[in-house]
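**Q** curious how this folds, go ahead:
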Amino acid sequence: MAIGVDIEDIVRFKNKSEEFIQRIFTAVEIDYCQKFSKPESHYAARFCAKEAVIKALTALKITNVTYNEIEVFHNSDKCPQVKILKDLNRNLKFNLSLSHDRSKAIAFVTVEEQ
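**A** Reported below is the predicted structural model:
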């Protein structure tokens with residue numbers, strides 16, 4: 001098992017350029033975040049998740065995954081989930097926790113090879 005964690009200031013994600021948003025986030029993530037009056041909180045949490053996933057994957061010697069190849073979404077129970085959008089030829093199981101308050105966002109992830 002490998003773990004990753006990341007924390008970010010939400011203000012860093014306020015008024016980001018469209019180019020930045022498109023480079024980092026998937027269409028599913030953008031649609032989700034834009035539904036909220038303060039999308040920067042949700043972008044920050046998803047960025048934290050992507051950073052945490054990259055840290056955990058690196059511990060498993062997987063270093064060829066970019067930000068926009070990691071997708072954060074919610075399942076039918078509204079629990080955050082991670083999907084890798086490229087074939088890594090490995091069976092990985094992710095567990096993800098996201099949180100944010102007025103100024104900070106954080107994500108914690110575990111990944112296990114099945």
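
**Q** wait, Val111 sits on Met1?
**A** Yes: if you go by Cβ atoms under 8 Å, Val111 and Met1 touch, sitting 7.1 Å apart. (C-beta placed from N, C-alpha, C; glycine too.)

**Q** and the pLDDT for the nearest residue to Leu57 once chain neighbours are set aside?
**A** Using Cβ to Cβ, 6 or more residues apart in numbering and skipping the chain neighbours, the partner closest in space to Leu57 is Val65 (5.8 Å). Looking at Val65, its pLDDT stands at 97.

**Q** what do you get for His42?
**A** 97.

**Q** please identify the buried residues of the strand or helix carrying it?
**A** In the assignment (DSSP states H and E), His42 maps to helix 39-59. Residues of helix 39-59 classed as buried by neighbour count (16 or more other Cβ atoms under 10 Å): 39-57.

**Q** give the other helices and strands that that helix contacts.
**A** Using 3 or more Cβ pairs under 8 Å, 6 or more residues apart in numbering; DSSP states H and E, the elements in contact with helix 39-59 are strand 2-9, helix 18-24, helix 27-33, strand 70-74, strand 80-84, strand 92-100, strand 104-113.

**Q** and Lys61, which of those is closest to it?
**A** Nearest to Lys61, of all these, is strand 2-9, at 9.6 Å by Cβ to Cβ.
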